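1. Here is the input, now give the coordinates:
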Amino acid sequence: MNAPAPPPLLDVQDLHTAYGSARVLHGIHLQVAPGEAVGLLGRNGMGKTTLVHAILGIVPSQSGAIRFDGEAMLGQPSYRIARRGVALVPEGRQVYPNLSVLEHLSAFTRPGAGGATDWHATRVFGLFPRLAERRGHMGNQLSGGEQQMLAIGRALVTNPRLLILDEATEGLAPLIREEIWRALAALRQAGQAILVIDKYVQRLIHLADRHVIIEKGRVAWSGSSEALDADRALWHRYLGV
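-> Purely as a prediction, here's the structure:
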């Protein structure tokens, strides 16, 4: 007899959000299990970032439920959600121009939920050797790819249970994109739960276990990497690929 599946780490149910009178999310359902990688897909303006911001408490939700490790998170402040073990790599990187690489990592290092201390600057430098070479460089002295590596490292040193990446490889040169994908694959192999937004569907198929496609604030499709890879009509219908 098969053992029951573990409860989801992140569980979003029937989530509705709005900006003023403009409704943005309409009954979103999304789950991420411990150690699972999930791709969040959709064209620009379909509600992906709004969903991420709602999960993090940045955008208020009208109704529905968000649970993290079984605890209700809807309406909680962002700092409390972060302390529970959710870390964001934001779109646009948002590194501090007047802090060095090492200062970024030192300033954000803290134990995770349950006292986890697996991630620290030395381990980040092992994941991204390029950052080790530039540890004394200020944020505004880094290339876009180096800033993205730093944004990922900054999130990791909070020792998160769930890592969320919004547009993980947007605007990066192909070689740097490959380095980011390599790092994400290493994180997944190490058991890090990941929710990632990115437009490179083929790379997400190889990284993630499952995918959710959002269209106009609703879940248009969800399924496995195998199912998404086999149905290229979905790519054209919802992703413009």
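2. Spatially central residue in this protein, please.
-> Centroid-nearest residue in the chain: Ile164, 1.6 Å away (criterion: Cα atoms, centre = their mean).
3. From Glu179, how far out is that residue?
-> The gap separating Ile164 from Glu179 is 20 Å, by Cβ to Cβ, to the nearest Å. Every residue, glycine included, has its C-beta placed from N, CA and C.
4. Could you do Arg67 as well?
-> With distances taken as Cβ to Cβ, Arg67 is found 34 Å from Glu179.
5. how long is stretch 90-110 end to end?
-> 19 Å (Cα to Cα, to the nearest Å).
6. same deal with stretch 195-206?
-> Start-to-end span of stretch 195-206 (Cα to Cα) is 14 Å.
7. Let me see the mean pLDDT of that stretch.
-> Average pLDDT, stretch 195-206: 94.
8. Apart from its neighbours in sequence, what residue is nearest Leu88?
-> Distance criterion Cβ to Cβ, 6 or more residues apart in numbering; nearest residue to Leu88, sequence neighbours excluded, is Ile164 at 5.0 Å.
9. What strand or helix carries that neighbour?
-> Per DSSP states H and E: Ile164 is located in strand 162-166.
10. what are the pairing partners of that strand, and which direction each?
-> Sheet pairing here is set by DSSP bridges, and for strand 162-166 it gives strand 86-89 (parallel), strand 193-197 (parallel).
11. what about that strand, average pLDDT?
-> Mean predicted confidence for strand 162-166 is 97.
12. cool, and stretch 7-20?
-> Rounded mean pLDDT across stretch 7-20 is 93.
13. any weak-confidence spans in this structure?
-> The model of the chain has pLDDT under 70 over residues 1-5, 241.
14. Tell me where it has strands.
-> 10-19, 22-32, 37-41, 61-68, 71-72, 86-89, 162-166, 193-197, 210-215, 218-224 (DSSP state E).
15. What strands line up against the fourth one, and which way round?
-> Which is strand 61-68. By DSSP bridges, strand 61-68 pairs with strand 10-19 (antiparallel), strand 71-72 (antiparallel).
16. Now do it and strand 22-32, the angle between them.
-> In terms of direction (axes from the mean of the first three to the mean of the last three Cα atoms, to 10 degrees), strand 61-68 departs from strand 22-32 by 10 degrees.
17. Dump strand 61-68 to PDB, keeping only the CA atoms.
-> Written as PDB, here are the backbone C-alpha positions of strand 61-68 (Å, rounded to 0.1, in the frame of the first residue of the first chain):
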ATOM      1  CA  SER A  61      -6.100  39.400  -0.900                       C
ATOM      2  CA  GLN A  62      -9.800  39.600  -0.800                       C
ATOM      3  CA  SER A  63     -10.700  36.000  -0.100                       C
ATOM      4  CA  GLY A  64      -9.400  32.500  -0.300                       C
ATOM      5  CA  ALA A  65      -6.600  30.800   1.700                       C
ATOM      6  CA  ILE A  66      -2.800  30.700   1.800                       C
ATOM      7  CA  ARG A  67      -1.200  28.100   4.100                       C
ATOM      8  CA  PHE A  68       2.500  27.500   4.600                       C
END
